[in-house]
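Visitor: give me the fold of what follows.
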Amino acid sequence: MGIAMFIVSRSSKVIPTVVIVSVVLAFTKALDEKYGDYTYTEFQEPDRDRLLYGTFPENFTWAAATAAYQIEGAWDEDGKGESIWDTFTHEPGHIYMGHTGDVACDSYHKIDEDVALLKKLNVTHYRFSISWTRLFPDGMSKKVNENGLKYYERLVDALIAANIEPMVTLYHWDLPQSIQDVGGWENDFVAVYFNAYAEMCFMKLGDRVKLWITFNEPAVVAGGYEGGMKAPGFKNQGSSVYRVTHNMLRAHALAWHTYDKSYREAQGGKVGITLNSDWVVPATDSEEDKQAVERFLQFQFGRFAHPIIHGDYPEVMKKQVLEKSHEQGLSSSRLPSFNDDEINLIKGTADFLGVNHYTTRYIAHQVAELMPPSLSGDQDLKGWHDEKWPKCGVGWLRPVPWGIRQLLKWVKAEYGDIPIYVTENGIAEVSEDTPTLNDTWRIQYYTAYINEVLKAYKLDDVDIRGYTAWSLMDNFEWADGYKSRFGLYYVDFNDPNRPRKPKASTEIFSQIVRNNGFPEKKADTKFSSSLRSTLSLFFP
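Guide: This is a model prediction of the structure:
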């Protein structure tokens, strides 16, 4: 039936570990016979796609990631306030089958269990986020909710006791609803409120947390004010998205300076930001399509990275929005300008960049309709996937391993040798009821993508400091609810106890971590130049 059909097959039973091992070994044998030194039949250009053997530096960070709203549950317990995602999911029509994060994975009550899962993966770090409303129920008061603080202190202490370091995201999309009620990220004062929240986290946890991420994917946050698909679910036209961008940059910078001035010397940590982007390829060799690719990358990634590294928005973005604004009858640009004080505040406020990446697309130049104004319309382009590329359980994600290497090279070219952490990377299947523990497609994805990150480090001299799998466990995947599953561990959302079960990919991922990559030789293992040998070592 062919390897592609084998990869997308779905198991409907809970599979014992010994059977998982047998399945994976059979899969690797099939890979060896059909693929040789490659992980995907669709990608077999020798100079680009052949597996590279080697390891990452000794202090490389290996992590798995989650986010507060997606796993914690306990949405109104122990004094927690309401967030925009609580509000958004409780309103009908936004989320698949009316799913909510009210219980999610119930991680609020499962610290020890979740830490045990991490230990089995051999990771050095756990990337999780703090719920702003669990610490400050209304988001604006100066009085911390002690119950919420104790939860995060217990989590951090449990991680450290397990020899796992916390990597903490301060904002993973769950703005306090009380702040949204006064304008949310469009309100200039939100930066002040965020800074006060961030300082409390530094003050209470910074003696144990050494890696801080201010924002996860601020481009997605801004999209919640225009696209309508994510909280707060607005469909404003062409201006809110830029005001939100502006205020998140100010908030990030204020928090960075607070840490730098008051906590860095004593605590010795680092503060960065996580940005997301697809890699994009021009559809043709035309200059128009090449320029469209550059516009996409600058609007998506450069919109935040450029002000932080270089002090202003990308020139192509400023030019494009100004011209569109004039054509739409406005006297000035919909994109705010930075004054001198803001430039001085924002420029240079990243100790590292986090990069979230999942897939690659083709891009072509296409002039957008002038009205209504929008972020997407400002870019004058269209994007799509090649139908020959591999598929997975969600339509927006096609595995294209070499895309992550190209994106990392582009970030280095644009922003120099700033340290980079891959803070999310992963693949989904769709399963609402039955365990899908035989996730051979995830084994394939992680093997290929991590190897491409290794190439960026070894061959392209990109300063890669770490790799993070998304995600530790199946969780609430925003508009998809619990339908889309990215987890290394399966979670049964029909069981009130939310039991976790390891998927086959946990074995492969944990061994890549243990080996710190893909070593050519190892005393107790045998390697050949085939992928079968590379993966078979994980089942000695």
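Visitor: ramachandran angles for the residue nearest to Ile464 when sequence neighbours are not counted?
Guide: Closest residue to Ile464 apart from its sequence neighbours, by C-beta to C-beta, 6 or more residues apart in numbering: Tyr457 at 4.5 Å. Any C-beta I mention is one placed from the backbone N, CA and C, and that applies to glycine too. Backbone torsions for Tyr457, taken as degrees, to the nearest 10, come to phi -70, psi -50.
Visitor: how near is Tyr457 to Asp340?
Guide: According to C-beta to C-beta, to the nearest Å, Tyr457 and Asp340 sit 38 Å apart.
Visitor: compare these two (neighbour count), which wins?
Guide: Tyr457 (24 against 8; other C-beta atoms under 10 Å).
Visitor: what sits against the more buried one?
Guide: Listed by C-beta atoms under 8 Å, 6 or more residues apart in numbering, the contact partners of Tyr457 are Phe56, Pro57, Ile464.
Visitor: now the most centrally placed residue in the chain: how far from Ala253?
Guide: Centroid check for the chain by C-alpha atoms, centre = their mean gives Glu424 as the closest residue, at 3.5 Å. With the distance defined as C-beta to C-beta, Glu424 ends up 23 Å from Ala253.
Visitor: pull out the buried residues from stretch 412-426.
Guide: Lys412, Glu414, Tyr415, Ile418, Pro419, Ile420, Tyr421, Val422, Thr423, Glu424, Asn425, Gly426 (16 or more other C-beta atoms under 10 Å).
Visitor: please apply the same query to stretch 141-158.
Guide: Judged by neighbour count (16+ other C-beta under 10 Å), stretch 141-158 contains these buried residues: Val144, Asn145, Gly148, Leu149, Tyr151, Tyr152, Leu155, Val156, Ala158.
Visitor: what's the burial count for Ile443?
Guide: Ile443 has 27 neighbouring residues, counting by other C-beta under 10 Å.
Visitor: quick one: it and Ser505 touch, right?
Guide: Yes: at 5.1 Å, Ile443 and Ser505 qualify as touching, with contact defined as C-beta atoms under 8 Å.
Visitor: show me what secondary structure element comes after the helix ranked longest in the chain.
Guide: Of all segments of type helix in the chain, defined using DSSP state H, the longest is helix 240-262. For helix 240-262, the following helix or strand on the C-terminal side (DSSP states H and E) is helix 264-267.
Visitor: got the contact list for that following helix?
Guide: Taking C-beta under 8 Å, 6+ apart as the rule, helix 264-267 contacts Phe202, Gly206, Asp207, Lys210.
Visitor: would you turn those residues into a markdown table with neighbour count?
Guide: Shown next, in a markdown table, are the contacts of helix 264-267 (neighbours: other C-beta atoms under 10 Å):
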| residue | neighbour count |
| --- | --- |
| Phe202 | 23 |
| Gly206 | 20 |
| Asp207 | 14 |
| Lys210 | 15 |
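Visitor: Throw the residues you listed into JSON lines and include secondary structure, pLDDT and distance to Ile111, thanks.
Guide: Shown next, in JSON lines, are the contacts of helix 264-267 (DSSP: H, G, I helix; E, B strand; the rest coil; pLDDT from 0 to 100; distance: C-beta to C-beta, whole Å):
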{"residue": "Phe202", "secondary structure": "helix", "pLDDT": "98", "distance to Ile111": "22"}
{"residue": "Gly206", "secondary structure": "coil", "pLDDT": "98", "distance to Ile111": "20"}
{"residue": "Asp207", "secondary structure": "coil", "pLDDT": "98", "distance to Ile111": "19"}
{"residue": "Lys210", "secondary structure": "coil", "pLDDT": "98", "distance to Ile111": "20"}
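Visitor: biggest separation within the residues you listed, which pair?
Guide: Phe202 and Lys210 (11.3 Å; C-beta to C-beta).
Visitor: residues in contact with the nearest residue to Asp76 once chain neighbours are set aside?
Guide: Using C-beta to C-beta, 6+ apart and skipping the chain neighbours, the partner closest in space to Asp76 is Glu82 (7.4 Å). Glu82 is in contact with Trp75, Asp76, Thr133, Pro176, Gln177, Ser178, counting by C-beta under 8 Å, 6+ apart.
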